[in-house]
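K.L.:
Sequence first, then the predicted structure, then my questions.
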Amino acid sequence: MMALAEDDSLAHGPLEVLMTVNEEIGGPNEGASGLDPSLLSGTILLNLDSEEDGKLTGGSASSTDTSIVVEKPRQPCAAGAVTLSVSVSGGVGGHSGVDIARGHADAIKLLGRVLREASTVAPLGIVSLQGGLSSNAIPRDAVAICSVPPAHEARFRDAVAAAGAAAIDAYRRTDPAVAVTVERTAEAADAWTDGGTRTLLDLVDVVPSGPLAMSPDFPGLVETSTSLDVAVSEGNRYELHRLSRSSSPAAVPDVIATLDAAARLAGGQLELGQSDPGWRPNLDSTALAATRRVYEKLFGEAPIITAVHAWLETAVIGDKIPGLDMLSFGPQIEAPHSPGERVSIPTVQRFWRLLAGVVDELSPPEVE
């Protein structure tokens, strides 16, 4: 946007440059959500926030943050109990919308599976369970501190190793570096009771995390999903934070109802967080038609017209300015919201040529 505004050699009509901040960690009144629509007078929005070269994005999913909160009693750890740290690490992670159908391991779910299987052969009390860093990223790491009777330590370690090996094999293609480890750690004073530990493991196991429905309009695109992204425990309270997405408004209440039922069955409650609207595709868009013409002229092939299973700022801006003609495109970005995030430099050049061509195409005839 800055290059476009500064380059006097380019032909275009009046431009408004809108930059938003805190989109990933902001609250309900930050970023695009805090925009005063009276600041803008344009009728076409080109959103430069897409991640796939060769694709023109004309729609995005709504998103709703939720937290399942459960409080269960704790009790002192038995005298002589061994305190063990069970960790899942090395997952690929990725964006919990765009990458949700790639089959990557959710470290929290994987850890819950390992502990559930270990609990069938060795008694344990969970001291804490933490995982994930962001509400819109597939968790790559998770760790649980467990209290185990000393007589069952060897059996517990063997069970974790067996369950971990099965999990590693299941994700050998999607997450080749995923690992499950056990090591002794500082002695814990207390842990959840047997019932509380069981409820926590059941809850992690039963809540869905992944695609729930595919789009009938765009083949291969996820329509509805929910993801378990962050687990936090403190004292007798534990929370499972999740983000649910859908391009179908009718699907979201069903997902929320499922999560609410799981929370109630666990003796807890579902807390609703920020909810952002979706962006419904408009295949008759002037901006889409112009961008398609420019793309075909520049690159000699037709672009892919699609929507994205993620939240884009366009949804909020379009909700604030009804009738705004919107389109999103960008360079190739891989592994967004993960330590491996990177941008393809050659596609940045293609992106720049397309952007310059589109603003020229959309300019009034008198603009040279």
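P.N.:
That came in fine, so what should we check first?
K.L.:
excluding its backbone neighbours, what's nearest residue 120?
P.N.:
Distances taken as C-beta to C-beta, 6 or more residues apart in numbering place residue 159 nearest to residue 120, at 7.6 Å, with adjacent residues excluded. Using the backbone N, CA and C atoms, a C-beta is placed for each residue, glycine as well.
K.L.:
Hmm, residue 123 and the one you found touching each other?
P.N.:
No - judged on C-beta atoms under 8 Å, residue 159 makes no contact with residue 123 at a distance of 11.4 Å.
K.L.:
Those two: which is more packed in?
P.N.:
Ranked by neighbour count (other C-beta atoms under 10 Å), residue 159 and residue 123 place residue 159 first, with 21 against 17.
K.L.:
Now do the helix or strand where the more buried one lies, average pLDDT.
P.N.:
Element membership of residue 159, judged by DSSP states H and E, is helix 153-170. Taken as a whole, helix 153-170 has a mean pLDDT of 95.
K.L.:
Helix or strand next in line after it, which one?
P.N.:
Next element after helix 153-170 (DSSP H and E): strand 179-184.
K.L.:
quick one on the thing from earlier: can you give the contact residues for the helix holding residue 159?
P.N.:
For helix 153-170, contacts defined as C-beta atoms under 8 Å, 6 or more residues apart in numbering pick out 82, 84, 86, 105, 110, 113-115, 117-118, 120-122, 124, 146, 148, 178-182.
K.L.:
In helices, which of those residues appear?
P.N.:
Counting by DSSP state H, the contacts of helix 153-170 place 110, 113-115, 117-118 in helices.
K.L.:
Check which residues of stretch 323-330 are buried.
P.N.:
324-330 (16 or more other C-beta atoms under 10 Å).
K.L.:
which stretches of the stretch 1-150 of the chain form helices?
P.N.:
For the stretch 1-150 of the chain, applying DSSP state H, counting those that start in this stretch gives helices covering 2-6, 107-119.
K.L.:
Point out the most buried one among those helices.
P.N.:
Of all the helices of the stretch 1-150 of the chain, helix 107-119 has the most neighbours on average by mean count of other C-beta atoms under 10 Å, namely a mean of 24.
K.L.:
What lies in contact with that one?
P.N.:
Residues outside helix 107-119 that contact it (C-beta under 8 Å, 6+ apart) are 86-89, 91, 124, 126, 129, 131-132, 139-144, 146, 156, 159-160, 162-164, 167, 171, 178, 180, 197-198, 201-202, 204-205, 209, 228-231, 240.
K.L.:
Of the residues you listed, which belong to strands?
P.N.:
Applying DSSP state E to these, the entries found in strands are 86-89, 126, 129, 131, 142-144, 146, 180, 228-231, 240.
K.L.:
Narrow those residues to just the buried residues.
P.N.:
When the ones in strands among the contacts of helix 107-119 are checked for burial by 16+ other C-beta under 10 Å, the buried set is 86-88, 126, 129, 131, 142-144, 146, 180, 228-231, 240.
K.L.:
Out of these, which comes closest to residue 12?
P.N.:
residue 229 (40.1 Å; C-beta to C-beta).
K.L.:
mind checking pLDDT for that closest one?
P.N.:
At residue 229, the pLDDT recorded in the model is 95.
K.L.:
What are the buried residues along the helix holding residue 159?
P.N.:
153, 156-157, 159-160, 163-164, 167-168.
K.L.:
Now residue 132. Nearest residue, chain neighbours left out?
P.N.:
residue 139 (3.3 Å).
K.L.:
Same question for residue 131.
P.N.:
Leaving aside its sequence neighbours, residue 131 sits nearest to residue 142 (C-beta to C-beta, 6+ apart; 2.8 Å).
K.L.:
check contacts around that neighbour.
P.N.:
87-88, 107-108, 110-111, 129-132, 231.
K.L.:
same check, this time on residue 205
P.N.:
109, 112-113, 116.
K.L.:
before we move on, what about residue 31?
P.N.:
Neighbours of residue 31 in contact, by C-beta under 8 Å, 6+ apart: 20-23, 313.
K.L.:
Lowest mean pLDDT across the helices of the stretch 1-150 of the chain, which one is that?
P.N.:
Of all the helices of the stretch 1-150 of the chain, mean pLDDT reaches its minimum on helix 2-6 (a mean of 92).
K.L.:
Put the alpha carbons of that one into CSV.
P.N.:
Provided in CSV are the C-alpha atoms of helix 2-6 (Å, rounded to 0.1, in the frame of the first residue of the first chain):
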residue,chain,number,x,y,z
MET,A,2,2.8,2.4,0.8
ALA,A,3,4.6,1.7,-2.4
LEU,A,4,1.4,2.2,-4.4
ALA,A,5,0.8,5.5,-2.7
GLU,A,6,4.4,6.7,-3.3
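K.L.:
Against which helices or strands is it packed?
P.N.:
Helix 2-6 sits against helix 345-361, with contacts defined as 3 or more C-beta pairs under 8 Å, 6 or more residues apart in numbering; DSSP states H and E.
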